[in-house]
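[1] Build me a structure from this.
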Amino acid sequence: MSDESHIPPKTGTSGGSIEPVLVARGVSKSFPGVIALNDVNFEIRPGEVNALVGENGAGKSTLIKIMAGYYAPDRGEILVDGKHLHADPGSAHRAGIATIHQEPHLVPGMTVAENIMLGHWPSLRFGIIANKKERQRALEVLERVAPELSPTTLARRLSPAEGQLVEIARALSENSRVLIMDEPTTSLSSREIDRLFEIVDDLKSRGLGIVFVSHWLEEVFRIANRITVLRDSKLVGSRPDAELDHATVINMMVGRDVAEVTTSGREPGKVVLEVKDLTRMGVLQDVSFKIRAGEIVTLAGLVGAGRSEVANCIFGIDPYDEGEVRLNGKMVPPNDPAAAIQAGMGLLPEDRRRQALVAQLSVGTNTTLAVLDHIAPRWVILKELEGKIISEAQRSLAIKMASPGVRVSTLSGGNQQKVVLARWLARKPSLLILDEPTKGVDIGAKAEISQIIVRLVAQGTAILLISSELPEVLGLSDRVLVLRSGRIAGEIPRGSLSQEVIMKYATTG
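    Next comes the predicted model:
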């Protein structure tokens, strides 16, 4: 992290005199059948990070879209330097409000410099773009946030972290005064998060006001000066970070205490999954392990260590060059997901939106996709049987939805994740592979999903878990296999688990 000696004292934490640059006053917003915001107040001051937290559906996204000019409030107003902000993105940009989205919004075929200067290119006479001036201005802002990036690199060649840095550079090139960061760390490694937070500290020292939206309370307490909590479309409170702790914020978010979910010791059953000498050239090397019934085995390691690659090879998504996979003693054909499903596997992938859900289809249809052979044996869906499966999933997993007929894209992240789980549970799998099952979901949904996992192993399901969240790994795992550079660097039994031991294997062996 950067030297904090040059960073001004936290503003807004003790009634300081610095006036807010942006104020949301009495903001309300409704959509058909939904009250998204109800009389919400919010402010951001220069040199301050105000973290906006709450469960999915609490109103965070609606509030930041109103501040960014995408939505007009039904009641209330947004003020910038005391002046009313018109509800359009152009007005918000001119007022100095920039948004860094969860996924970078760059033009893939344009260079870094062109993306930075997009919409405000310096021009010569007759509207001809001044390429030298463009590169010079891009270099000036890149030097502040990403000096290692070339302005001539195409955006399509950038990593997610580099794309976010380019968006920050674009905001600086526009002389932005307020930076809204919406779940900026979701796709970043721990090192990239450290780098991003160094930049945030620097931006604070230069007087920018920053709205930081995140589900990860560790990040919130690491970077925020003030924490603002929304629940059920209403403002619960906004207080300096020094006056709060994790338990208090969680209680404000969900309206109740959320206990940490952990597994209890149990005697595992017979071997369900056996992976032997799994090798994919340049990716995985001699990966071998077993999982028994009623056991949670977790693959841990740094981003790029090969965790998801192991899962994809086991499930047949990716081919492998050597080795074998057996489920319940029988060989599972490689590179054949249909065979893996028939053998008794289910996979909850890391990116549920792109790899698991069909956004335009209903909750009910998404729930039953994996059992079409059962509910439609003669190519005609048996509606009564389909309804029973959907009703059981809704009851057992507590899926919150208006009805099974609504589009799955309208659900919160946690409820979407439950739909994917329900799809596989309908097949009663022997093995469930869960790749980052609580990624991008709120505190309450994390606890609910963890409870579902614990319930499944108690019923005898074998679980292969992949998680980057160390508290989750420590709480749920019976054993942890730490991957490093495509190999298993170490195996840690539950009794010896600690963050230090996991990181030792992940980084040094």
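[2] which residues sit in contact with the residue nearest the centre of the chain?
    Centroid check for the chain by CA atoms, centre = their mean gives Gly440 as the closest residue, at 3.2 Å. Contacts for Gly440 (CB atoms under 8 Å, 6 or more residues apart in numbering) come out as Glu183, Thr186, His215, Gly413. Glycine gets a C-beta too; all of them are placed from N, C-alpha and C.
[3] Same check on Ile116?
    By CB under 8 Å, 6+ apart, Ile116 lies in contact with Arg137, Ala138, Val141, Leu142, Pro151, Val166, Ala169, Arg170, Ser173.
[4] what's whatever helix or strand Leu79 lives in in contact with?
    Assessed by DSSP states H and E, Leu79 sits inside strand 75-80. Applying CB under 8 Å, 6+ apart, the external contacts of strand 75-80 come out as 21-28, 39-40, 66-67, 84-85, 95-97, 178.
[5] ranges for the helices of the stretch 201-350 of the chain?
    Along the stretch 201-350 of the chain, counting by DSSP state H, counting those that start in this stretch, helices occupy 217-223, 246-254, 307-315, 337-343.
[6] mind putting the ones you listed in TSV, mean neighbour count included?
    Below are those laid out as TSV (neighbours: other CB atoms under 10 Å):
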stretch	mean neighbour count
helix 217-223	18
helix 246-254	18
helix 307-315	24
helix 337-343	16
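[7] Select from the ones you listed the stretch with the lowest mean pLDDT.
    In terms of average pLDDT, helix 246-254 trails the rest of the helices of the stretch 201-350 of the chain, at a mean of 85.
[8] can you pull the buried residues of the helix or strand containing Gly364?
    Gly364 is part of helix 363-368 when elements are defined by DSSP H and E. Residues Val363, Gly364, Thr365, Asn366, Thr367, Thr368 are the ones in helix 363-368 that count as buried (16 or more other CB atoms under 10 Å).
[9] what's the closest of those to Leu483?
    Distance to Leu483 across those (CB to CB) is lowest for Asn366, with 30.8 Å.
[10] check contacts around the closest one.
    Asn366 is in contact with Leu357, Val358, Val408, Val419, Val420, Arg423, counting by CB under 8 Å, 6+ apart.
[11] how about these in TSV, adding distance to Ile116?
    As requested, these are exported to TSV (distance: CB to CB, whole Å):
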residue	distance to Ile116
Leu357	34
Val358	36
Val408	36
Val419	39
Val420	37
Arg423	42
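[12] How many neighbouring residues does Gln459 have?
    When neighbours are counted by other CB atoms under 10 Å, Gln459 registers 10.
[13] any idea how far it is from Pro32?
    Counting by CB to CB, to the nearest Å, the separation of Gln459 from Pro32 is 40 Å.
[14] and if you look at Asn328?
    Here the criterion is CB to CB. By it, Asn328 lies 49 Å from Pro32.
[15] same check, this time on Thr365
    Using CB to CB, we find Thr365 at a distance of 22 Å from Pro32.
[16] Quick check: closest non-adjacent residue to Val454.
    Distance criterion CB to CB, 6 or more residues apart in numbering; nearest residue to Val454, sequence neighbours excluded, is Thr263 at 5.7 Å.
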